[in-house]
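Enquirer: The sequence and its predicted three-dimensional model are supplied below.
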Amino acid sequence: MATENQDPIQIAADKYRSFLHEEAQNTEWRHGGPPIYDDVNKLFEEGRTKQWTKGSLEEVVQNALKSWEMELSHKTRIQDFRTINPEKFKLIVNGREGLSAEETLKMGSYNALLKSSMPEEFKYYKADEESFESSHDAFRVALPRGFAWEVISVYSGPPVIAFKFRHWGYFEGPFKGHAPTGELVQFYGIGILNVDESLRAEDVEVYYDPTELFAGLLKGPLISGSERTDSASTHKCPFNM
């Protein structure tokens, strides 16, 4: 966060995340400054299957969710969030008990979305053993071009917005000891977003099958520990949706 003796933070406008370049000076950023989305925007624009009309409900929903993900991944204080109603917010994944805004921020989006009640021996991802940082690092390394996200359909408008989404990336770095395949990995899901009169999310429900994602990420052969360390150290670009 800038002080009187620091130069102002300079950030280019992001056409999908309006909050990124508004009030940046007063925001506490996780990595010291606002993120740059050039790589994942390129992936999104090259790989999306829908191109929504500017100002359409589909575009509004898509950009709102991108802005929410940006805040969740890169801001450290709920008071800096502009996409949610912090007093009412809940994140509900596959029908599990809802997480508050603070709980979601502490866990991080990956751990919140991938938490499972399966027996330990059957878990392909153990969210309880991952921190915010380690979970983001794992996917940042595996998907170095980013993990793009698009709205496929919107079924109802506010205050209860139901939509279908697609999430995709290219498995070009190791994941949990598995060698990259270079292949496209993706999954589809359904979301239900309850918003207030200012279009801030009061709760977000997400329903999807995580095996769609892990079928691609665990496809590569197991690699040695030294190879995993060397590969992880070479991928430093930010991960975003």
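Expert: Now that the structure is in, tell me what you want to look at.
Enquirer: switch to C-alpha atoms for all contacts and neighbour counts from now on
Expert: OK.
Enquirer: Mind naming the longest helix for this protein?
Expert: Ranked by residue count under DSSP state H, the longest helix found in the chain is helix 57-74.
Enquirer: how close does the nearest residue to Lys50 once chain neighbours are set aside get to Arg48?
Expert: Excluding the flanking residues, the one nearest Lys50 by Cα to Cα, 6 or more residues apart in numbering is Ile152, at 6.6 Å. Distance of Ile152 to Arg48, given as Cα to Cα, to the nearest Å: 9 Å.
Enquirer: pretty sure Gly157 is touching Leu57, no?
Expert: Yes. Using Cα atoms under 8 Å, Gly157 is in contact with Leu57, at 7.3 Å.
Enquirer: Contacts only, for the closest residue to Leu184 other than its chain neighbours.
Expert: Closest residue to Leu184 apart from its sequence neighbours, by Cα to Cα, 6+ apart: Tyr170 at 4.6 Å. Counting by Cα atoms under 8 Å, 6 or more residues apart in numbering, Tyr170 makes contact with Ala142, Leu143, Pro144, Arg145, Gly146, Phe147, Gly182, Glu183, Leu184, Val185.
Enquirer: Looking at those, which is nearest Trp29?
Expert: The nearest member of the contacts of Tyr170 to Trp29, counting by Cα to Cα, is Gly146 at 19.4 Å.
Enquirer: Would you mind checking which helix or strand in the protein has the lowest mean pLDDT?
Expert: None of the helices or strands of the chain scores lower by mean pLDDT, DSSP states H and E than helix 225-233, at a mean of 45.
Enquirer: For Gly157 and Leu57, indicate the residue with more neighbours.
Expert: Leu57 (18 against 15; other Cα atoms under 10 Å).
Enquirer: how close does that one sit to Gly108?
Expert: 27 Å.
Enquirer: Is it correct that Ile161 falls within a strand?
Expert: Yes. Residue state for Ile161 (DSSP: H, G, I helix; E, B strand; the rest coil) corresponds to a strand.
Enquirer: which residues pair with the closest residue in space to it that isn't next to it in sequence across the strands?
Expert: Spatial nearest neighbour of Ile161, chain neighbours left out: Leu193 (5.0 Å); criterion: Cα to Cα, 6+ apart. For Leu193, the beta-bridge assignment (DSSP bridges) gives partners Ile161, Val204.
Enquirer: what mean pLDDT does stretch 210-219 have?
Expert: Mean per-residue pLDDT for stretch 210-219: 95.
Enquirer: which outside residues touch that stretch?
Expert: Outside stretch 210-219, the residues that reach it (Cα under 8 Å, 6+ apart) are 114, 124, 142, 171, 175, 178, 180-181, 183-187.
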